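J.: Got a predicted structure plus its sequence, pasted below:
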Amino acid sequence: MEQITVKRGRGRPPKQLQKTPTGVGSTPSAPEFQKPNASNNNSVEGSPNGDIEMLESILPGMSSRRRGRPRKHPLENGSASGFDKPIGQENISGVDPKDLKKMKTERSLESPLRRSSRYTLSSPHSLSDVIRQNANADSVADDVKGSPFMNAVVKVFCVHTEPNFSLPWQRKRQFSSNSSGFIIDGRRVLTNAHSVEHHTQVKLKKRGSDTKYLATVLAIGTECDIAMLTVSDDEFWEGVSPVQFGALPTLQDAVTVVGYPIGGDTISVTSGVVSRIEVLSYVHGATELLGVQIDAAINAGNSGGPAFNDKGQCVGIAFQSLKHEDAENIGYVIPTPVITHFITDYERSGDYTGFPILGIEWQKMENPDLRIAMGMLSTQKGVRVRRVEPTAPAAKFLRSSDILLSFDAIDIANDGTVPFRRGELVKFF
């Protein structure tokens, strides 16, 4: 029996074919493949790279294969070709055995890539299943991305020119900023006041659009850090549903902050819960109003973006965060009562007139001796008026060292707090 060695490609062992005489009616013997040394399953004999580690397939049901050619398994009919043939085509009728042998020899000389591309390894995770799963995932993602409240969030581009108070006849150098906003009823857009402060030009861009629309500033509320914009171009309002406002959230309610923060150009979504509700300091307006603290990330560029509850309703506007080495995930949003006051004020007067103030400075009465000195009874609680602004409306009714006991039939505690909701207290002023 003559041994014929076939030239091999890189990375696979040589294989030897047995040459047997053929005649009329005879069939060629199947090729015998030389097996690697059984003592080392991870080595390939004759490999130029030495030992090659055999890796398992990622998909279950796919057997591991050697580099360069798929592993062959004997069939039930005793054939050693290693690849299944279609049923009914095991023996090709009408083909001369010599031609069949020539075809097998030519196929063995093909490159591993061309030869392996003729066959498909069966797997329970077929390509159609993978495509179907991706299609389902895309449909779910489209439902989330296509939510009306997501499309109502816009990106705000503003060019600022601050005044020069040292040289009042000129202004400082211009600079630009990016922030967020959202569309509400009445073809209006809400954002933060500091986002359009000292504005020279304001433009808005919708989600999924490359067009920037020129905006007009209708009102700026410095105290509450809210600004109202509008766009005259009708194309801007096409296909957009305005955001609806929800009630004031409670502690541990889930919130989602949407906007265009630093770190990218597309829309960003961060989630968290309500951590605290109290009267806090508004940095931009240097005032104290009701605010909501959340643990969702609020970064530069999130200013003016809405905070949604699990129903898709806006419960606040992101406007500031606490950056400190001892603090993490502390962000603040403007709650709906403050937003509603700003919108109502504009609709009533055509402009922003502000929040009322009492115009006094007060002192806590937690010291029992101080309460006795001020002539308070043991059952009374309240705060002491330290000073009254001369131009404040309260100057006609209050004076220094007066004791405020209650307002609107709500008792004021000695530390200056009043009942807000069950288990919660806020500052009365």
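T.: Arrived safely.
J.: Give the buried residues for stretch 245-256.
T.: Across stretch 245-256, burial judged by 16 or more other CB atoms under 10 Å covers 246, 248, 249, 253, 255, 256. From N, CA and C alone the C-beta is placed, and that goes for glycine too.
J.: Show me what whichever strand or helix holds residue 154 packs onto, helices and strands only.
T.: Assigned by DSSP states H and E, residue 154 falls within strand 153-160. Here strand 153-160 touches strand 175-184, strand 199-206, going by 3 or more CB pairs under 8 Å, 6 or more residues apart in numbering; DSSP states H and E.
J.: which residues of the stretch 301-429 of the chain fall in strands?
T.: Here the stretch 301-429 of the chain has its strands, by DSSP state E, counting those that start in this stretch, at 306-308, 314-321, 331-335, 360-363, 383-388, 403-404, 406-407, 410-411, 417-421, 424-427.
J.: Could I get the ones you listed in CSV, plus columns for mean pLDDT, mean neighbour count and distance to residue 184?
T.: Listed next are those as CSV, based on pLDDT from 0 to 100; neighbours: other CB atoms under 10 Å; distance: least, CB to CB, whole Å:
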stretch, mean pLDDT, mean neighbour count, distance to residue 184
strand 306-308, 96, 29, 9
strand 314-321, 94, 26, 8
strand 331-335, 95, 25, 14
strand 360-363, 93, 16, 35
strand 383-388, 94, 18, 38
strand 403-404, 94, 18, 37
strand 406-407, 90, 12, 32
strand 410-411, 92, 11, 32
strand 417-421, 90, 14, 26
strand 424-427, 88, 15, 26
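J.: nearest to residue 198, of those strands?
T.: Proximity to residue 198 (CB to CB) singles out strand 314-321 among the strands of the stretch 301-429 of the chain, at 17.4 Å.
J.: got the angle for the closest one vs strand 331-335?
T.: 140 degrees (axes from the mean of the first three to the mean of the last three CA atoms, to 10 degrees).
J.: hang on, the earlier thing: now render the helices and strands packed on strand 153-160 as a markdown table, adding distance to residue 391 and mean pLDDT.
T.: Listed next are these as a markdown table, based on distance: least, CB to CB, whole Å; pLDDT from 0 to 100:
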| stretch | distance to residue 391 | mean pLDDT |
| --- | --- | --- |
| strand 175-184 | 35 | 95 |
| strand 199-206 | 30 | 95 |
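J.: winner for burial among those strands?
T.: strand 175-184 (a mean of 21; mean count of other CB atoms under 10 Å).
J.: tell me the mean pLDDT for the helix or strand just after that strand?
T.: The C-terminal neighbour of strand 175-184 among helices and strands, as given by DSSP H and E, is strand 188-191. On average, the pLDDT along strand 188-191 is 96.
J.: for strand 188-191, packing partners?
T.: Against strand 188-191 (3+ CB pairs under 8 Å, 6+ apart) you get strand 175-184, strand 226-231.
J.: Let me have the ones you listed in CSV, adding distance to residue 206 as columns.
T.: Formatted as CSV, the helices and strands packed on strand 188-191 follow (distance: least, CB to CB, whole Å):
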stretch, distance to residue 206
strand 175-184, 9
strand 226-231, 10
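J.: For residue 177, give its distance to residue 355.
T.: Residue 177 sits 26 Å away from residue 355, taking CB to CB, to the nearest Å as the criterion.
J.: With residue 272 instead?
T.: Taking CB to CB, one finds residue 272 at 27 Å from residue 355.
J.: out of those two, which sits in the more crowded spot?
T.: residue 272 (19 against 15; other CB atoms under 10 Å).
J.: Now do the same for the more buried one: helix, strand or coil?
T.: strand (DSSP: H, G, I helix; E, B strand; the rest coil).
J.: That one bridge partners, please.
T.: residue 255 (DSSP bridges).
J.: Surely it touches residue 294?
T.: Yes. Using CB atoms under 8 Å, residue 272 is in contact with residue 294, at 4.9 Å.
J.: For the protein, which segments are assigned as helices?
T.: Ranges of helices within the chain are 97-108, 112-116, 127-145, 148-151, 336-349, 368-373, based on DSSP state H.
J.: Can you tell me which of the buried residues of stretch 245-256 is closest to residue 208?
T.: residue 256 (18.8 Å).
J.: residue contacts, the closest one?
T.: 269, 270, 271, 296, 307, 308, 309 (CB atoms under 8 Å, 6 or more residues apart in numbering).
J.: And residue 381, how far from residue 226?
T.: 34 Å.
J.: do residue 367 as well
T.: For residue 367 relative to residue 226 (CB to CB), the value is 39 Å.
J.: Same list (the helices and strands packed on strand 153-160) but as CSV, adding distance to residue 218.
T.: Compiled in CSV, these are given as follows (distance: least, CB to CB, whole Å):
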stretch, distance to residue 218
strand 175-184, 12
strand 199-206, 11
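J.: related to what we said a few turns ago, counting neighbours, go ahead and name the busier of residue 367 and residue 226.
T.: Neighbours per residue, other CB under 10 Å: of residue 367 and residue 226, the larger number sits with residue 226, 27 against 12.
J.: how close does that one sit to residue 397?
T.: Residue 226 is 31 Å from residue 397, by CB to CB.
J.: what do you get for residue 151?
T.: With CB to CB as the criterion, residue 151 and residue 397 are 51 Å apart.
J.: These two - which one has more neighbours?
T.: residue 151 (19 against 9).
J.: show me what contacts that one?
T.: Residue 151 touches 206, 207, 208, 239, 240, 241, counting by CB under 8 Å, 6+ apart.
J.: ok, now with 6 Å
T.: 207, 240 (CB atoms under 6 Å, 6 or more residues apart in numbering).
J.: Number of residues surrounding residue 354?
T.: There are 14 residues near residue 354, going by other CB under 10 Å.
J.: where does it sit relative to residue 220, distance-wise?
T.: In terms of CB to CB, residue 354 sits 11 Å off from residue 220.
J.: can you check residue 409 too?
T.: Distance from residue 409 to residue 220, by CB to CB: 36 Å.
J.: Between those two, tell me which one has more neighbours.
T.: Comparing residue 409 with residue 220 by neighbour count (other CB under 10 Å), the higher total belongs to residue 220, at 21 against 5.
J.: ok, what's across the strand from the more buried one?
T.: Applying DSSP bridges, one finds that residue 220 bridges with residue 227.
J.: Could I get the pLDDT score of it?
T.: For residue 220, the predicted pLDDT is 95.
J.: pretty sure it contacts residue 227?
T.: Yes. Here residue 220 reaches residue 227: they are 4.7 Å apart, a contact under CB atoms under 6 Å.
J.: give me the low-pLDDT residue ranges for this structure?
T.: 1-147 (pLDDT under 70).
J.: make it 50
T.: 1-9, 17-66, 70, 72-93, 111-127, 130-131, 137-146 (pLDDT under 50).
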